[in-house]
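Visitor: Take this sequence and fold it.
(one chain, ligands or ions: 1)
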Amino acid sequence: MADDTRRPNSSRATRTDLVHAGTRRSQYGEVSESLFLTQGFVYETAEQAQARFIEIGPDEFIYARYGNPTVAMFEERIATLEGAEDAFATASGMAAVSGALMSLLRAGDHVVASRALFGSCLYILEDVLTRFGVEVSFVDGTDLAQWQGAIRPDTKAVFIEAISNPTLEVIDIRAVAELAHANGALLLVDNVFATPILQRSLDLGADVVIYSATKHIDGQGRVLGGVVLGSREYIRKTLEPYMKHTGGSMSPFNAWVLLKGMETLDLRVRAQAATATHLAQSLQGHEKLSRVIHPGLGDHPQADLAASQMETGGTVLSIEIAGGEEAAFRVLNALEIFTISNNLGDAKSIATHPATTTHQRLPEDQKAELGITPGLVRLSCGLEDMNDLLADLTGALELA
Ligand SMILES: *Cc1c(COP(=O)(O)O)cnc(C)c1O
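Guide: Below is the predicted model:
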């Protein structure tokens, strides 16, 4: 299959880079990437140890919290995919989000964020940063006037999730980047729902892109991981010192699993996104549903914006079951292929009831404001046959 999506820092197509970029071979010439399951490294002489502590060369390592060859392969591969100058791999998506923000900010700084955020991201912004004297303003991410009102000359960072969870609202990255840059602020984008395959946030104006690699990048439900991508200056001068001293670095074993995940990332994400589009289109107007939400649908409130910044609408759709929580639970319990869980981007299709699980702790008025209604079910499409999945859903919906 041909693939013409080439990244600015590579002469090769994405699919080729996903298989080869960043590979470092040992003297044995192994085919598959080596798993360097080692905490540290030995030096031939005391002088060599001294030199390495003064300056670490590009293929030199000291201690796995600072860097490891398997982790370096993962960082280089995803930086190539994203078209980023550099990347730092972290223990989880949340280590990436918290590190990206904490390493950048100090007391007295101002941050603006969209309100519809993953619960743990909201916790970092609302509970952690504010404890250290950072002022945080929240806006409705889809309302440009609110961004205009909130971003000020002393704003240091703007944080968004490109597509919100679970109501799949789309934020205009180009417009928010322009406002942030006009005020000297950096735009940090959590790009998990959009995926590195379907949306290139750095090209749209983001300065820093963050992933939970636990989601599509592993995509097979095995390990936690995260990564922060950006300029060499930001990654090496701002983020790396913070991460290596506070301990949120990625395990070499997880990096090895994620390298294998990246080989099939493009194939999986495109297949899963095609399934999500098919399910959304097929379920539109279903008598038991009051809403079907997918950024690829023509009736999505930001359909044009979604089409202008994403290749397709992504691998997740949300449906609102007309009978509320009781009906939603009947549907969830009747599903035979979709599993009830809270991951996303996995090879296995997953159904989540946000109001009682991932967003349970939000006060009722905030749930209502964010559209997290009792009937809302989030569906992450996996790699199963799309017609089997549709039959599973329509069968379960008969019980709603
Ligand atoms: C899952 C997720 C995270 C956190 O990632 P972990 O790997 O679970 O720490 C952050 N942001 C978004 C949008 C997510 O979906």
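
Visitor: measure whatever residue of the stretch 51-200 of the chain ends up closest to the ligand to Ser114 for me?
Guide: Residue nearest to the ligand within the stretch 51-200 of the chain (Cβ to the nearest ligand atom): Gly93, separated by 2.2 Å. Where you see a C-beta, it was placed from the backbone N, CA and C, and this is true even at glycine. Distance from Gly93 to Ser114, counting by Cβ to Cβ, to the nearest Å: 17 Å.

Visitor: now swap in Asn333 and tell me
Guide: The gap separating Asn333 from Ser114 is 33 Å, by Cβ to Cβ.

Visitor: quick one: contacts for whatever residue of the stretch 201-350 of the chain ends up closest to the ligand?
Guide: Going by Cβ to the nearest ligand atom, the ligand is nearest to Ser212 of the stretch 201-350 of the chain, at 2.9 Å. Listed by Cβ atoms under 8 Å, 6 or more residues apart in numbering, the contact partners of Ser212 are 92-94, 96, 190, 192, 225-226.

Visitor: shouldn't Cys121 be in contact with Glu161?
Guide: Yes - with contacts counted by Cβ atoms under 8 Å, Cys121 reaches Glu161, the gap being 7.0 Å.

Visitor: residues touching the residue of the stretch 51-200 of the chain closest to the ligand, list them.
Guide: By Cβ under 8 Å, 6+ apart, Gly93 lies in contact with 190, 192, 210-215, 224-226.

Visitor: confidence score at it?
Guide: On the pLDDT scale, Gly93 is placed at 98.

Visitor: Same check on the one 4 residues further on?
Guide: Reading off the per-residue confidence, Val97 sits at a pLDDT of 98.

Visitor: what about the longest helix in the chain?
Guide: Longest helix in the chain, counting residues (DSSP state H): helix 265-283.

Visitor: Ser26 against Ser34, yeah?
Guide: Yes - using Cβ under 8 Å, Ser26 is in contact with Ser34, at 5.6 Å.

Visitor: one step back: which pair in the contacts of Ser212 spans the largest distance?
Guide: The most widely separated members of the contacts of Ser212, counting by Cβ to Cβ, are Asp190 and Gly225 (14.4 Å).

Visitor: residues in the stretch 101-250 of the chain within reach of the ligand, list them.
Guide: Residues of the stretch 101-250 of the chain lying near the ligand by Cβ under 6 Å from any ligand atom: 118, 120-121, 161, 165, 190, 192, 212, 214-215, 224, 226.

Visitor: quick revisit: what are the phi and psi angles of the residue of the stretch 201-350 of the chain closest to the ligand?
Guide: Dihedral pair for Ser212: phi -90, psi 110, per degrees, to the nearest 10.

Visitor: With adjacent residues omitted, what lies nearest to it?
Guide: Gly93 (2.4 Å; Cβ to Cβ, 6 or more residues apart in numbering).

Visitor: quick one: contacts for Val111?
Guide: So Val111 contacts 101, 105, 125, 129, 134-137, 155-159 (Cβ under 8 Å, 6+ apart).

Visitor: can you pick the most crowded of the residues you listed?
Guide: Val158 (28 neighbours; other Cβ atoms under 10 Å).

Visitor: Outline the domain layout of this structure.
Guide: If you go by automatic domain parsing, the domain ranges for the chain are 14-262, 265-397.

Visitor: got the end-to-end distance for the longest one?
Guide: Pointing back at domain 14-262 there. Across domain 14-262, the terminal residues are separated by 11 Å (Cα to Cα, to the nearest Å).

Visitor: Start the count at 52 instead of 1 going forward.
Guide: Sure, I'll start numbering at 52, so the last one becomes domain 65-313.
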